[in-house]
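Engineer: pasting the sequence and the predicted model now:
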Amino acid sequence: MKPRIAIVGAGAVGGYAGSYMAAAGEDVTFIDPWPEHVEAMRANGLRVTHLRDVAEFTTPVRAIHLTELQNEAKGRPFDIAFICMKSYDTEWATVMIRQYLAPGGFCVSLQNCMNEETIAGVVGWGRVLGTIASSITVELMVPGNIHRNSGKGGAAHTVYRVGEPHGRPTERAKEIVRLCALSDSATLTENLWGERWSKLVTNVMGNGMSACTGLLSRDVVADDQLRAFTARLGAEAIRVGQALGYSLEEILHIDPEVIARAGEGDAQARAEYDRKRIAESARGGAHRPSMGQDMVKGRRTEIEFLNGFVADRAAPLGIPTPANAALTEIVKKVERGELQPDPKHILDLRMN
């Protein structure tokens, strides 16, 4: 019998990964708080488009509103629950799905930020796995339509990295690799925390910058001063991760030590950082990262769980993180409407 799968949050990442599972015949139920999105999926299926190289498709899916979840008590419980909500919604979403899990069922954090501990606080560490979606560049365009601002990562870039908190390979982790690999390249990692912090650094360098400047990712990278500030954000986050004992992976296809030294003023590292960032940006599309999308849509951002999280973790270690702290406050002000998105918020800091 196939595992029964819940996608809790059928937004960009959950919708993308889940659409391929559904198209492959897996037993998938999408649970989402946006009523129009649920109704669009019910009426027309879930449409998936790509910037290039991949033909669009639409797959029929089973989608339910949050208010309908109680009806699932009448059927077979879920074996796997992918938690794909924003970080600030993680705890209540896990509490909500917990009572519909099978005795051996477990949750998979397929999210930005480091939410495994929050999920474990609800269901216990033995029922938690983590999955990083690296450079996936997806967005929920309109109800019922997920768009990826690239082609597939494939052999050139492994998108999904699946791991157990304890780091050992397990059969259930291999099953999550199989499910994720239906949509793009996936691998089993024994370094979940290093992978997770590395992805956190990527988001720390890009998400808040787009949110507070209003710029696309490639436009942030194109500006010398803004690009320098992203290196400083990354440097602070990398040093905190290293102090916490994480073994970091490549970040934006760059050695983390190069990013750290670039942000700390090393001229040779800065030249390498600039060259690689500009070259990578030239290959991408007109992408706005998730927090930039949230700001455009008037949604709450995850800034406290990204740059704010770095600053919070740094404080007990005595590591200064002025760039991350400053960006956190700027994004909060833009989010509250006290400021309008503008690159000058970063340029006026004169931190480079």
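Structural biologist: Perfect, thanks for sending it. Since we're looking at a predicted model, the values are computed, not measured.

Engineer: OK, contacts around the nearest residue to Ile31 once chain neighbours are set aside?
Structural biologist: Counting by Cβ to Cβ, 6 or more residues apart in numbering, Ile31 lies nearest to Val8, which is 5.2 Å off, once chain neighbours are set aside. All C-beta atoms are positioned from the backbone trio N, CA, C, and that covers glycine. Counting by Cβ atoms under 8 Å, 6 or more residues apart in numbering, Val8 touches Gly14, Ile31, Ala81, Phe82, Ile83, Cys84, Met85, Ala93, Thr94, Met96, Ile97.

Engineer: what do you get if the cut-off is 10 Å, keeping everything else the same?
Structural biologist: 14, 29-33, 66, 69, 78, 81-85, 89-90, 93-94, 96-97, 100, 107-108, 110 (Cβ atoms under 10 Å, 6 or more residues apart in numbering).

Engineer: okay, now the unreliable bits of the stretch 151-300 of the chain?
Structural biologist: 284-286 (pLDDT under 70).

Engineer: and for this structure, the residue most distant from the center?
Structural biologist: Residue farthest from the centre of the chain, counting by Cα atoms, centre = their mean, is Lys74 at 32.7 Å.

Engineer: tell me how far that residue lies from Leu226.
Structural biologist: The gap separating Lys74 from Leu226 is 53 Å, by Cβ to Cβ, to the nearest Å.

Engineer: again, but for Gly124
Structural biologist: 43 Å.

Engineer: neighbour-wise, which of those two wins?
Structural biologist: Leu226 (18 against 12; other Cβ atoms under 10 Å).

Engineer: next, the more buried one: phi, psi?
Structural biologist: phi -70, psi -40 (degrees, to the nearest 10).

Engineer: check the secondary structure at Ala228 for me.
Structural biologist: helix (DSSP: H, G, I helix; E, B strand; the rest coil).

Engineer: for the closest residue to Glu304 other than its chain neighbours, pull up the helix or strand it's in.
Structural biologist: Spatially, and ignoring its direct neighbours in sequence, Glu304 is nearest to Thr328 (7.0 Å; Cβ to Cβ, 6+ apart). Applying DSSP states H and E as the criterion places Thr328 in helix 322-336.

Engineer: picking that back up, now, which of the contacts of Val8 lie within strands?
Structural biologist: Among the contacts of Val8, DSSP state E puts Thr29, Phe30, Ile31, Asp32, Phe78, Ala81, Phe82, Ile83, Cys107, Val108 in strands.

Engineer: and the fourth one, what are its bridge partners?
Structural biologist: This points to Asp32. Counting by DSSP bridges, Asp32 forms beta bridges with His65.

Engineer: and the gap between it and Pro143?
Structural biologist: 10 Å.

Engineer: ok, the fifth one next?
Structural biologist: Per Cβ to Cβ, Phe78 is found 24 Å from Pro143.

Engineer: and Leu66, by the same measure?
Structural biologist: Per Cβ to Cβ, Leu66 is found 16 Å from Pro143.

Engineer: try Asp219
Structural biologist: Going from Asp219 to Pro143 by Cβ to Cβ gives 28 Å.

Engineer: please apply the same query to Met1.
Structural biologist: Noted for Met1: a distance of 32 Å to Pro143, by Cβ to Cβ.

Engineer: higher neighbour count, those two?
Structural biologist: With neighbours defined as other Cβ under 10 Å, Met1 and Pro143 compare such that Pro143 has more, 17 against 6.

Engineer: what packs against the helix or strand following the helix holding Thr328?
Structural biologist: Per DSSP H and E, the first helix or strand lying C-terminal to helix 322-336 is helix 344-347. Here helix 344-347 touches helix 192-213, helix 224-243, helix 322-336, going by 3 or more Cβ pairs under 10 Å, 6 or more residues apart in numbering; DSSP states H and E.

Engineer: Ala181 is in contact with Val159, isn't it?
Structural biologist: Yes. With contacts counted by Cβ atoms under 10 Å, Ala181 reaches Val159, the gap being 9.3 Å.
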